[in-house]
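>>> Below are the sequence and a predicted model; questions follow.
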Amino acid sequence: MSANIPSPGPLVDIRDLTVRFGTAEPVLHGVSLQIHRGECLALVGESGSGKSVTARTLAGLTGKGAQVQAARLAFQGIDLRRLDERSWQRLRGASIGFVMQDALGALDPLRRVGAEVEEPLQLHTGLAAEARRVRVLELLRDVGIPEPELRASQYPWQLSGGLRQRALIASAIACNPRLIIADEPTTALDATVQAQVITLLESLRGEDNALLMVSHDLSVVSRLADRVAVMRHGVIVEQGTSEQVLQDPQHPYTQLLLRAARAVHFRPQRRPLAAVEPEPHAQGEVLLEARSLSKSFVGPDGRRRTVLNQVWLQLRRGETLGVVGESGSGKTTLTRLILGLESADAGDVWVAGQQWSTLDAGQKRQARRAVQVVFQDPLNSFDPRYTVQRVLFEALSVAGLPRGEWRSRALQLLELVRLDASALTRRPIELSGGQRQRIAIARALASAPEILICDEPVSALDVSVQAQILELLDDLKRRLGLACLFISHDLGVINHVSERVLVMKDGEVVESGPVRAVFDRPAHAYTRALINAIPTLEEQRERAEVYLQIAIRGRGLSV
């Protein structure tokens with residue numbers, strides 16, 4: 001079962017795979033696919049389509065109680081149906097590397113990064129301790145982590161999202177596996193970090209190994225994949241080369257996904273300055289204003305670092321102001337200062353004419369009702385024991401609504417976010433990602449706020465659901481007269497929802513203005529770098545010939 005001995009035929013061969021849990025209906029129905037050496041196969045589809053179950057089945061991680069049946073389920077000619085747990089443990093890490101979506105959850109928060117990367121080397125190689133240490137630093141360096149000696153000694157929670165994802169990749173490739181499975185590897189990463197991770201994944205693919213990527217981001221798929229399999233309700237509805245599926249989709253569901261992707265994601269085209277149409281400035285009442293905000297923290301090494309420096313912004317009733325920037329740019333600190341959860345070292349925040357620093361704790365609680373937040377991951381912001389009714393009732397209680405009016409108001413909130421009364425009796429875990437985000441929006445609206453802060457509200461959602469949530473937020477903004485501060489790493493989303501944009505880097509606003517003017521004619525080099533880092537569906541055409549040559553090199557692959 002050596003990772004270095006190739007076998008004839010496809011690297012992965014799945015025929016008529018069915019997976020079910022307990023007595024429920026199967027979550028996979030007769031899935032068949034092959035992955036050849038030297039290629040990347042992408043599984044795309046919405047949440048619940050079966051993408052991750054397919055990927056986890058290939059790594060022996062389907063979970064307890066799973067019933068797996070297949071006419072063939074093979075990797076390097078090995079019949080995976082016959083493996084016991086000990087055999088799976090020998091295979092995982094050595095021959096199959098798995099990169100999960102949530103690096104913070106996948107990495108042990110109590111173990112240093114170096115130890116995480118070293119573990120597969122301990123389990124699957126005969127390297128001595130010093131040789132393992134050298135290899136760990138080499139791996140961290142290879143995946144683009146700066147100062148690998150320092151990072152190896154840190155804990156995962158001390159790293160940014162991009163660095164954590166790179167560390168997870170370093171652990172997955174430590175033993176040069178033949179198959180790398182990447183499950184949503186770029187979700188919620190900033191544009192430039194996403195581009196770096198994509199380039200890294202591209203570089204890991206060679207003639208004797210393969211990449212299986214699970215993603216709902218079709219622009220990322222177009223950059224990496226040789227072939228695409230589209231899944232819906234546990235069935236592969238369309239499969240073919242990347243060019244065929246993304247440029248000439250045959251199935252209505254694939255066509256729907258592509259329409260949604262093009263509606264939300266983009267790379268702006270540079271136009272002559274004269275061609276940029278002027279945008280009217282918002283004339284509404286100023287509801288939120290930050291004046292010369294600065295904030296610094298003392299880091300783990302004892303050094304004081306400025307994380308926000310002289311930031312100004314205004315948000316008017318009825319407008320959406322987008323805020324973009326990489327991890328560490330200051331977006332999160334800015335949000336906490338606006339909410340009054342942190343105190344600024346200098347400058348101040350004004351909400352509806354009130355200055356935060358002059359309010360006592362009770363006044364801040366009252367004023368904070370006017371400012372509500374929709375988070376990136378609503379599931380983690382809900383108590384898993386609560387039903388939707390209890391979630392909304394609690395929010396209405398905090399808002400000061402009399403108890404006798406809670407149910408009628410809860411039903412009104414559900415109607416606002418386009419859900420019916422049946423949602424009240426369900427728990428968040430029983431809802432889809434889009435439904436959970438609608439409940440999070442309903443909860444935020446419970447106090448009748450004037451300002452809605454949306455912190456990456458669609459980054460973890462499928463592209464078609466993203467479009468629905470963005471359209472809902474735009475509708476609510478117009479109907480309720482809300483002002484929206486929209487924080488996102490996705491410039492396509494920012495372009496879709498915002499009238500104005502702030503671009504942040506290293507705690508400073510490096511560029512701001514009407515969104516079309518900034519994106520069509522970016523003045524700052526950093527803004528241009530962000531825009532150029534965005535993968536697009538159009539890139540697929542340019543890369544078709546490259547993909548074809550890679551595919552031809554794959555053993556036994558016909559194109």
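Received, thanks.
>>> Wait, residue 62 touches residue 19, no?
Yes: under the contact definition of C-beta atoms under 8 Å, residue 62 touches residue 19, with a separation of 6.2 Å. (C-beta placed from N, C-alpha, C; glycine too.)
>>> For stretch 443-454, which outside residues touch it?
Contacts of stretch 443-454 with the rest of the structure, by C-beta atoms under 8 Å, 6 or more residues apart in numbering, involve 287-288, 315, 317, 335, 338-339, 351-352, 369-374, 391-392, 395-396, 398-399, 401, 409, 413, 416-417, 473, 476-477, 480-488.
>>> any idea how far the top helix by length along the chain is from the chain center?
Counting by DSSP state H, the longest helix found in the chain is helix 463-480. Relative to the chain's own centre, helix 463-480 is displaced by 19 Å; criterion: C-alpha atoms, centre = their mean, to the nearest Å.
>>> Next: stretch 234-250.
Per C-alpha atoms, centre = their mean, the centroid offset for stretch 234-250 relative to its chain is 23 Å.
>>> And it, what's buried?
The neighbour-count check on stretch 234-250 (16 or more other C-beta atoms under 10 Å) flags 234, 236-243, 245-246, 249 as buried.
>>> In the stretch 151-300 of the chain, where is pLDDT below threshold?
Residues of the stretch 151-300 of the chain that meet the criterion pLDDT under 70 lie in 188, 265-283, 299-300.
>>> I meant the chain, not that one.
For the chain (pLDDT under 70), the answer is 1-8, 188, 265-283, 299-301, 535-559.
>>> residues in contact with residue 49?
Here residue 49 is in contact with 231-234 (C-beta under 8 Å, 6+ apart).
>>> ok, and what's touching stretch 203-210?
Contacts for stretch 203-210 (C-beta under 8 Å, 6+ apart): 6, 11-12, 35-41, 169, 173, 176-180, 211, 550, 553-554.
>>> one step back: who's more crowded, residue 62 and residue 19?
Neighbours were tallied for residue 62 and for residue 19 using other C-beta atoms under 10 Å; the higher tally belongs to residue 19 (22 against 19).
>>> So that one belongs to a strand, correct?
Yes: looking at residue 19 with DSSP: H, G, I helix; E, B strand; the rest coil, it is inside a strand.
>>> Burial check on the residue nearest to it when sequence neighbours are not counted, number of neighbours?
Once flanking residues are discounted, residue 19 sits nearest to residue 28: 4.2 Å by C-beta to C-beta, 6 or more residues apart in numbering. Using other C-beta under 10 Å, the number of residues around residue 28 comes to 26.
>>> end-to-end on stretch 114-133?
Terminal residues of stretch 114-133 are spaced 8 Å apart (C-alpha to C-alpha, to the nearest Å).
>>> meant to ask about stretch 40-50, not that
End residues of stretch 40-50 are separated by 18 Å (C-alpha to C-alpha).
>>> list the buried ones in it?
Result for stretch 40-50 [16+ other C-beta under 10 Å]: buried residues 40-46, 48-50.
>>> now, which of those lie within strands?
When DSSP state E defines the strands, the subset of the buried residues of stretch 40-50 inside them is 40-44.
>>> What sits closest to residue 392 if chain neighbours are left out?
residue 410 is the one closest to residue 392 (C-beta to C-beta, 6+ apart), at 4.3 Å.
>>> From residue 399, how far out is that neighbour?
12 Å (C-beta to C-beta, to the nearest Å).
>>> Which one of the two is surrounded by more residues?
Using other C-beta under 10 Å, the more surrounded residue of residue 410 and residue 399 is residue 410, with 25 against 16.
>>> gap between the more buried one and residue 419?
11 Å.
>>> Residue 360 too?
From residue 360 to residue 419 the distance is 38 Å (C-beta to C-beta).
>>> Compare those two (neighbour count), which wins?
residue 419 (20 against 7).
>>> so where does the more buried one fall, helix or strand?
Assigned by DSSP states H and E, residue 419 belongs to no helix or strand.
>>> Quick check: phi and psi on the closest residue to it other than its chain neighbours?
Spatial nearest neighbour of residue 419, excluding adjacent residues (C-beta to C-beta, 6+ apart): residue 438 at 5.6 Å. According to degrees, to the nearest 10, the main-chain angles of residue 438 amount to phi -60, psi -40.
>>> what do you get for residue 87?
Given degrees, to the nearest 10, the pair of backbone angles that residue 87 has is phi -70, psi -40.
>>> tell me, how many neighbours does it end up with?
Neighbour tally, residue 87, other C-beta under 10 Å: 14.
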